[in-house]
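Trainee: the amino acid sequence is not available; the structure is as follows:
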């Protein structure tokens, strides 16, 4: 079964006086790109998380993992950051001295004013994480990934159904094109005879080898058997990839390019209204399939 590159999962937790929320999301990407947004003081988690994400089977996509964490309300919810406070007080004193020297009267700063300066009132979690907290956060990763991968699998099942239907439609069109070859032969015979007649008119100016070469070129330009055979081969290869259960988005994308090449050649060689119509329908359908393939891991 296919897996989608896109997915989302969220989880909340609480331990050691802290509460937190995880968000794990992924969008399409050419390779595997895992990015973190979490407080610096929890950087020790990054290596463990990366290992768990890789081990869970995520192989491709642009993935972001965000963690928001805060100490729960209580008497130790905040504390004074001594270094930041000293810097603020020194700056206030310097400003007041400069203002006094220039005869400017300033309203004295209150304690609440000082508290509102960024960094003065610091959350104690910005110091060091306890092992209890780190263990609780690590324990959250497995269920978070399980939910994330469940969503990717569900979207992959939808992609599987869509791509299977599109391959069925491509196969039906290819079979219709093959069925038209018999009806097309009469038109092709007339076109070919007319082309030969044009060649024969120039026979006086053309040696036998050149004439044989021109006739061979006309025959090759009108033959679409190889294109139809390759379309059948591509359909079979795509079905195998869709059913493989392995990450196959890149291979399917390559196959879509090959599908499109054969459809273009079919249109250029068609010389038949029905075959041209089938070739154009194939191009539209292949383009739609490629849009879906962009979501496959």
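Mentor: All right, it came through fine. Fair warning: this is a prediction, and the values are worked out from it, not measured in the lab.

Trainee: return the distance of stretch 226-233 from the chain's centre.
Mentor: Distance of stretch 226-233 from the chain centroid (Cα atoms, centre = their mean, to the nearest Å) equals 29 Å.

Trainee: just the helices in the protein please.
Mentor: According to DSSP state H, the chain carries its helices in the segments 45-55, 82-101, 111-115, 131-201, 208-222, 225-244, 249-269, 273-293.

Trainee: can you lay out these as TSV showing mean neighbour count and distance to residue 67?
Mentor: All C-beta atoms are positioned from the backbone trio N, CA, C, and that covers glycine. Listed next are the helices of the chain as TSV, based on neighbours: other Cβ atoms under 10 Å; distance: least, Cβ to Cβ, whole Å:
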stretch	mean neighbour count	distance to residue 67
helix 45-55	14	8
helix 82-101	13	24
helix 111-115	11	27
helix 131-201	16	8
helix 208-222	13	63
helix 225-244	16	35
helix 249-269	18	28
helix 273-293	17	32
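
Trainee: who wins for proximity to residue 36 among the ones you listed?
Mentor: helix 45-55 (5.7 Å; Cβ to Cβ).

Trainee: next, the angle helix 131-201 makes with the closest one.
Mentor: Angle, helix 45-55 to helix 131-201, by axes from the mean of the first three to the mean of the last three Cα atoms, to 10 degrees: 50 degrees.

Trainee: correct me, but residue 114 touches residue 84?
Mentor: No - using Cβ atoms under 8 Å as the test, residue 114 is too far from residue 84 to be in contact (10.0 Å).

Trainee: now list whatever residues contact both of these two.
Mentor: The overlap between the contact sets of residue 114 and residue 84 (Cβ atoms under 8 Å, 6 or more residues apart in numbering) consists of residue 120.

Trainee: if we can go back for a sec, which among the helices of the chain is found nearest to residue 39?
Mentor: Across those, closest to residue 39 is helix 45-55 (Cβ to Cβ), at 9.9 Å.

Trainee: what residues does the closest one touch?
Mentor: Helix 45-55 is contacted from outside by 34, 36, 38, 63, 65, 134, 137-138, 141-142, 145, using Cβ under 8 Å, 6+ apart.
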